[in-house]
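> sharing a model that was predicted from the sequence below.
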Amino acid sequence: MTRHRSLSPAARRVLAALIQAGARGRHGYDLCRETQIKSGTLYPLLTRLEAQGYLTADWQDSGVAGRPPRHVYRLTAAGCSLAAAHPTVPVAGDGALEGAPAR
């Protein structure tokens, strides 16, 4: 029997940020800042989503001497479907969407 778990609020925020990024994708540090998810939560989540086929992670040269390459995360077709099926929800009290950058 396959177990289906609902997505965590953190996963929903990551999916929302990646859907907004489209084909250009996002770097992990950018996702940390936008979603306000700590790296100790974000990177394992990205690894799981990649292993499940919902996103790809490709190395991208930084273009700056001395700076190491970084992963660029992009949603796959399955990831886009997952994001559409699990939209972000309003955060109680402020009316903003989870995953929306703080203003």
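On my side now, so go ahead.
> would you map the helices across the protein?
For the chain, applying DSSP state H gives helices covering 9-21, 28-35, 39-51, 77-85.
> show residues contacting stretch 68-87.
6-7, 11-12, 15-16, 18-19, 21, 23-29, 31, 46, 49-50, 53-62 (Cβ atoms under 8 Å, 6 or more residues apart in numbering). All C-beta spots, glycine's among them, are computed from the backbone N, C-alpha and C.
> same check, this time on stretch 55-66
18, 25, 27, 46, 49-50, 68-76, 79.
> hang on, the earlier thing: dump the helices of the chain into JSON lines; add mean pLDDT and mean neighbour count as well.
Below are those laid out as JSON lines (pLDDT from 0 to 100; neighbours: other Cβ atoms under 10 Å):
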{"stretch": "helix 9-21", "mean pLDDT": "94", "mean neighbour count": "21"}
{"stretch": "helix 28-35", "mean pLDDT": "93", "mean neighbour count": "18"}
{"stretch": "helix 39-51", "mean pLDDT": "96", "mean neighbour count": "15"}
{"stretch": "helix 77-85", "mean pLDDT": "93", "mean neighbour count": "15"}
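> give me the neighbour count for the residue lying closest to residue 50 once chain neighbours are set aside.
Leaving aside its chain neighbours, residue 50 sits nearest to residue 57 (5.3 Å; criterion: Cβ to Cβ, 6 or more residues apart in numbering). The number of residues packed near residue 57 is 15, by other Cβ atoms under 10 Å.
> residue 5 too?
Look at residue 5: counted by other Cβ under 10 Å, it has 6 neighbours.
> how near is it to residue 52?
11 Å (Cβ to Cβ, to the nearest Å).
> any common contacting residues for those two?
Common neighbours of residue 5 and residue 52 (Cβ under 8 Å, 6+ apart) do not exist.
> re the thing from before, quick check, nearest of the contacts of stretch 55-66 to residue 37?
Among these, residue 46 lies closest to residue 37 (Cβ to Cβ), at 9.9 Å.
> leaving aside the residues next to it on the chain, what's closest to that closest one?
Counting by Cβ to Cβ, 6+ apart, residue 46 lies nearest to residue 73, which is 5.9 Å off, once chain neighbours are set aside.
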